[in-house]
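Enquirer: could you look at this predicted model? Sequence included:
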Amino acid sequence: MRILLTNDDGYYAPGFAVLEAIARQLSDDIWVCAPSEEQSGAGHSLTLSRPVRVRQHGERRWSCTGTPTDSVMVAIGKLMPEKPDLILSGVNRGANLGDDVTYSGTVSAAIEGALAGIPAIALSQVYAREGMGDTVPFEAAEAWGAKVLAPLLAMEMAPRTLINVNFPALPAEQIKGVRVVRQGFHDYSRGSIVEGVDPRGYTYYWFGLHGIEQSLAHDSDLEAIDDGYIAVTPLQLDLTHDASLAALRSAYEG
């Protein structure tokens, strides 16, 4: 099985090394192409206004100056002789739960795989408090990663879908198991924007994620993590709201 690894925290991120260790428990045919610098919050963006440059770090290993989506596209389109059988993205430093998936470069790299018809899984490690930087512990992902992936690889994913996996901020032995759940909902109206003044006297704004309200709806990814379980969520690329189609069509009928 040929596996392509990518992320949004960057080629040198600690979680990326964790992802490779997990992947090597599944296959020895590993390919790497990840952003050269952190691209958290890049979503499914493409680099269109400047060239994307690729640097080789060894056999089957590259970093890319673009976004996570750029990294997947250039790997599939230019660097790999054949499409991979699987794309793994992560292990992200921080949760990708609820509405986070719309901002997440980690999830978006998996989305790009799904668009290309390749099974794709995003993996993220929740952490307990802000300001941990590279000290975020990945023990849960390290211990449970291969065990969570094995059943997913044994099944056939539906077209244009991907899997989003989140590991709780707990020691491995305290994790209660795995729940397959739906995407939850965040209330971003109470998210934080930190205002400051730079050394030249100009005001700046720095977006933060602490203080966000969580809606712990039953059977959601947010509830699963809160209860101490690994959250496994199938996501689809079709964003059409089918229930609104009839009402909208009637609104335009003369």
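Expert: Now that the structure is in, tell me what you want to look at.
Enquirer: what is the burial count for Asn166?
Expert: 29 (other Cβ atoms under 10 Å). Every C-beta, even on glycine, is put in place using the N, C-alpha and C of the backbone.
Enquirer: assign it to helix, strand or coil.
Expert: strand (DSSP: H, G, I helix; E, B strand; the rest coil).
Enquirer: before we move on, what about Lys147?
Expert: helix.
Enquirer: low-confidence ranges, the protein, go.
Expert: For the chain, applying pLDDT under 70 flags the ranges 130-131, 187-191, 209-216, 254.
Enquirer: please enumerate the helices of it.
Expert: 14-23, 68-74, 105-115, 139-153, 221-226, 245-251 (DSSP state H).
Enquirer: touching the longest one from outside, list them.
Expert: Residues external to helix 139-153 that are found in contact with it (Cβ atoms under 8 Å, 6 or more residues apart in numbering): 1, 15, 18-19, 21-22, 25-26, 86, 88, 90-91, 119, 121, 123, 125, 163, 165, 167-172, 175, 178, 230, 232.
Enquirer: still on that earlier bit, between the helices of the chain, which one is closest to Leu97.
Expert: Comparison of the helices of the chain against Leu97 by Cβ to Cβ identifies helix 221-226 as nearest, at 4.8 Å.
Enquirer: coming back round to it: so which of the contacts of helix 139-153 are in strands?
Expert: Under the assignment DSSP state E, the contacts of helix 139-153 contribute 86, 88, 90-91, 121, 123, 125, 163, 165, 167, 178, 230, 232 to strands.
Enquirer: tell me the two of those residues that are most distant?
Expert: Leu86 and Gln125 (19.6 Å).
Enquirer: more neighbours, those two?
Expert: Gln125 (27 against 21).
Enquirer: hang on, the more buried one packs against Arg93?
Expert: Yes: using Cβ atoms under 8 Å, Gln125 is in contact with Arg93, at 6.6 Å.
Enquirer: what do these two both touch?
Expert: 15, 136.
Enquirer: hmm, back to that, kindly present the ones in strands among the contacts of helix 139-153 as TSV, with separate columns for distance to Tyr205.
Expert: As requested, these are exported to TSV (distance: Cβ to Cβ, whole Å):
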residue	distance to Tyr205
Leu86	39
Leu88	34
Gly90	28
Val91	29
Ile121	34
Leu123	30
Gln125	27
Ile163	34
Val165	32
Phe167	31
Val178	39
Ile230	35
Val232	35
